[in-house]
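>>> heads up, no residue letters with this:
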């Protein structure tokens, strides 16, 4: 349990040390990655429902 608390403290201290523009860049990057993952999931579901995996 102490290891988890140590990681939690290191994580929170790392974000406290960031400047405001670094937080904006990190947020933008996070939203971009989330969008790409959502696009990939959508593309996979679209291909499943349009018969991409039909055999024969």
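Arrived safely, thanks for sending. Note that the structure is a prediction, hence the values are computed from the model and not measured.
>>> so where is this structure shaky, pLDDT-wise?
53-56 (pLDDT under 70).
>>> which SS state does the spatially most central residue of the chain fall under?
Using C-alpha atoms, centre = their mean, the residue of the chain that lies closest to the mean C-alpha position is residue 34, 4.8 Å off. Secondary structure, DSSP: H, G, I helix; E, B strand; the rest coil: residue 34 is helix.
>>> what does the one 4 residues further on give?
In three-state terms, and counting by three-state DSSP, residue 38 is helix.
>>> Around it, count how many other residues there are.
10 (other C-beta atoms under 10 Å). (Each C-beta comes from the backbone N, C-alpha and C, glycine too.)
>>> ditto for residue 41
So residue 41, with other C-beta under 10 Å, has 10 neighbours.
>>> do the same with the one 4 residues further on
By other C-beta under 10 Å, 10 other residues sit near residue 45.
>>> Could I get the full set of helices for the protein?
All helices of the chain, identified by DSSP state H, fall at 2-16, 20-49.
>>> List the buried residues of the first one.
Taking 16 or more other C-beta atoms under 10 Å as the neighbour-count basis, helix 2-16 is seen to contain no buried residue.
>>> Likewise for stretch 11-30?
So, applying 16+ other C-beta under 10 Å, stretch 11-30 has no buried residues.
>>> gap between the two ends of that stretch?
16 Å (C-alpha to C-alpha, to the nearest Å).
>>> For it, give me every contacting residue.
The set of residues external to stretch 11-30 that reach it, using C-beta atoms under 8 Å, 6 or more residues apart in numbering, is empty.
>>> Now do it: distance to the chain's middle.
Centroid separation for stretch 11-30 versus its chain: 15 Å, with C-alpha atoms, centre = their mean, to the nearest Å.
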